[in-house]
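Participant: quick one, structure for this:
(one chain, ligands or ions: 2)
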Amino acid sequence: MSTAVPGTTGVREVSVFGDAIAYFNEAAALLNLDPGIKAILTHPSRQIIFSIPFQRDNGSIEVYTGYRVQYNFARGPAKGGIRFHPGVTLDEVTALAFWMTWKCAVVDLPFGGGKGGVTCDPRTLSISEIERITRRYAAELVEVIGPDKDVPAPDVNTTPQHMAWIMDTYSMHHRMNVPGVVTGKPLEIGGSRGRVEATGRGVSIVALDEMARLGIDPKGATIVVQGFGNVGSIAAKMFVDAGCKVIGISDVTGAYVNTNGIDVNGAIAYAQEHHSLDGYRGGDKMSNQAMLEVPCDVLVPAALEKVLTVENAARVKTKLIVEGANGPTTPEADHLFARNGIAVIPDIVANAGGVTVSYFEWVQDRQGYFWKEAEVNERLRENLIDNFGVVRDLARARGTTYRTAAYMVAIDRVVRSLKARGVYA
Ligand SMILES: NC(=O)C1=CN([C@@H]2O[C@H](COP(=O)(O)OP(=O)(O)OC[C@H]3O[C@@H](n4cnc5c(N)ncnc54)[C@H](O)[C@@H]3O)[C@@H](O)[C@H]2O)C=CC1
Ligand SMILES: O=C(O)CCC(=O)C(=O)O
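Facilitator: Numbering: from 1, shown residues only. Ligands and ions are numbered 1, 2, ... in the order given. Predicted coordinates:
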């Protein structure tokens with residue numbers, strides 16, 4: 001099956017953006033969305049592609065490709081992370097920026113959606129090479145990002161250090177200190193307490209909320225987490241803190257399963273020391289694909305897109321899927337989960353904790369007044385639970401999945417902003 005990719009250069013085999021649009025269309029049909037509004041919302045506002053020439057440590061020159069997609073500005077400045085990965089394409093970045101639009105709206109933040117990336121493999125680059133690439137990336141975007149234009153943040157393979165380089169480069173170009181140009185910064189330069197943990201914390205908040213509704217006692221509940229970076233490792237730790245038993249973890253090197261329970265703190269320490277889980281002995285090693293089929297109460301995909309597909313969905317044995325990653329489930333798999341009675345908390349709700357605390361960081365930077373971590377965490381919990389409640393109520397009322405209800409809530413909020421501004425007139 002091939003899917004047209006509006007706003008991008010071509011037609012791809014089931015593109016990531018194509019999957020994303022399929023989800024949007026299901027909700028748009030239930031909202032009876034006006035065709036003109038639908039056309040606006042299925043086209044990115046701006047897609048920027050640029051070259052990043054840089055010098056390797058050995059003196060040779062290479063050129064990488066950088067992207068920033070500013071999908072929609074109806075509710076405020078574009079907002080979303082920057083990904084450094086060999087698989088980054090315009091199609092993927094467009095889908096990720098599209099999802100940011102709905103994510104910010106569904107948790108009611110005054111932001112539009114954006115996302116960026118560089119097609120590169122950071123594992124083959126030194127830290128000074130990565131710094132040169134990051135600074136060049138920021139310099140290329142200096143006119144189009146900013147606290148009131150577009151506010152990047154970390155995503156796969158980028159960290160507070162990358163955000164510090166971007167903030168510093170942007171501030172040098174503007175000849176003044178501009179902390180609000182990025183979020184997810186180190187605390188020393190205007191970062192927010194709790195941002196590093198926020199996405200994983202948010203995953204556990206909505207998961208535990210839904211587990212209570214499903215009658216799954218957290219004490220001893222079995223959890224499988226794919227991806228052991230910022231989102232997956234922190235989510236795993238929060239599940240353990242709540243009394244759950246994490247029985248499977250994985251990263252790019254493979255999966256590690258222990259039905260007696262993984263020592264998550266030990267695994268985090270191991271991954272920090274060895275820069276991956278490679279060689280980890282706290283569980284039986286298996287493939288990432290096989291781990292997704294291990295029976296568990298809650299499955300948390302927290303790595304990349306399209307890991308739950310029509311190929312494996314029928315073999316997934318869980319009660320609840322909580323999407324830490326963006327776009328881990330294809331529409332076909334999602335339909336199968338709904339038919340099989342597996343609840344799915346969709347990415348735009350489940351991983352919205354990160355951008356919520358990014359919003360708090362942006363507010364704190366503008367105020368120049370920084371909150372205590374307990375205040376950040378409490379406001380995060382309140383915002384996620386309240387907005388997940390709105391989604392759950394709509395899902396019940398309309399008989400939809402949480403995903404369709406989440407898109408309906410988000411689309412409705414974006415459309416109200418569009419109409420108030422009159423930009424479609
Ligand atoms: N960092 C954040 O605040 C947010 C991240 N996300 C999403 O969460 C997901 C993970 O992001 P981060 O944890 O920030 O990235 P990260 O770079 O910190 O970690 C990514 C993890 O996924 C693993 N991984 C990569 N390819 C894999 C594969 N094929 N199979 C299994 N594991 C694989 C890596 O080894 C690593 O453990 C992404 O989809 C990202 O877009 C969503 C919301 C916010
Ligand atoms: O914190 C942010 O601004 C965005 C994080 C992100 O990229 C995401 O939610 O996918």
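
Participant: I'd like to know how far residue 25 sits from residue 407.
Facilitator: Here residue 25 is placed at a distance of 9 Å from residue 407 (CB to CB, to the nearest Å). C-betas here are computed from N, CA, C, even on glycine.

Participant: same thing with residue 52?
Facilitator: Distance of residue 52 to residue 407, computed by CB to CB: 34 Å.

Participant: just the pLDDT for the residue in the stretch 151-300 of the chain that ligand 1 sits nearest to.
Facilitator: Per CB to the nearest ligand atom, residue 229 is where the stretch 151-300 of the chain lies closest to ligand 1, at 1.7 Å. Among the per-residue scores, residue 229 shows a pLDDT of 97.

Participant: ok, residue 262 - contacts?
Facilitator: Contacts here follow CB atoms under 8 Å, 6 or more residues apart in numbering; on that basis residue 262 touches 236, 246-249, 256, 282-283.

Participant: hmm, back to that, residue 52 and residue 407: who's more crowded?
Facilitator: Taking other CB atoms under 10 Å, residue 52 and residue 407 do not tie; residue 407 has more neighbours (27 against 20).

Participant: could you count how many residues lie near residue 399?
Facilitator: Summarising burial for residue 399: neighbours were counted as other CB under 10 Å, giving 9.

Participant: one more: residue 403?
Facilitator: Using other CB under 10 Å, the number of residues around residue 403 comes to 25.

Participant: what's next to the host helix or strand of residue 25, contact-wise?
Facilitator: Residue 25 belongs to helix 16-30 when elements are defined using DSSP states H and E. Where contact means CB under 8 Å, 6+ apart, the residues beyond helix 16-30 that reach it are 3-6, 8, 12, 38, 41-42, 91-92, 94-96, 98-99, 102, 305-306, 327, 330-331, 334, 398, 400, 403-405, 407-408, 411.

Participant: who does residue 85 bridge with?
Facilitator: Here residue 85 sits in beta bridges with residue 119, going by DSSP bridges.

Participant: what's the burial count for it?
Facilitator: The burial metric for residue 85, expressed as a neighbour count using other CB under 10 Å, is 18.

Participant: separation between it and residue 32?
Facilitator: From residue 85 over to residue 32 (counting by CB to CB), the distance is 38 Å.

Participant: secondary structure class for the closest residue to ligand 2 within the stretch 1-150 of the chain?
Facilitator: The minimum distance from the stretch 1-150 of the chain to ligand 2, using CB to the nearest ligand atom, falls at residue 81 (2.6 Å). Following DSSP: H, G, I helix; E, B strand; the rest coil, we place residue 81 in the strand state.

Participant: excluding its backbone neighbours, what's nearest it?
Facilitator: The shortest distance from residue 81 to any non-neighbouring residue, by CB to CB, 6 or more residues apart in numbering, is to residue 155 (2.9 Å).

Participant: quick one: name the residues of the stretch 201-350 of the chain near ligand 2.
Facilitator: Where proximity means CB under 6 Å from any ligand atom, the interface of the stretch 201-350 of the chain facing ligand 2 comprises residue 326.

Participant: give me the residue from the stretch 201-350 of the chain nearest ligand 2.
Facilitator: Closest to ligand 2 within the stretch 201-350 of the chain is residue 326: 5.2 Å, counting by CB to the nearest ligand atom.

Participant: confidence score at that residue?
Facilitator: In the predicted model, residue 326 carries a pLDDT score of 98.

Participant: domain ranges for the chain?
Facilitator: Using automatic domain parsing, the domain ranges for the chain come out as 14-29+44-179, 198-350.

Participant: buried stuff in the helix holding residue 25?
Facilitator: By neighbour count with 16 or more other CB atoms under 10 Å, helix 16-30 contains the buried residues 16-21, 23-24, 26-28, 30.

Participant: buried residues in the helix or strand following it?
Facilitator: In the C-terminal direction, the helix or strand that comes right after helix 16-30 (DSSP H and E) is helix 35-41. Judged by neighbour count using 16+ other CB under 10 Å, the buried positions of helix 35-41 are 37-38, 40-41.

Participant: now the terminal residues of stretch 245-256, how far apart.
Facilitator: Counting by CA to CA, to the nearest Å, you get 14 Å between the two ends of stretch 245-256.
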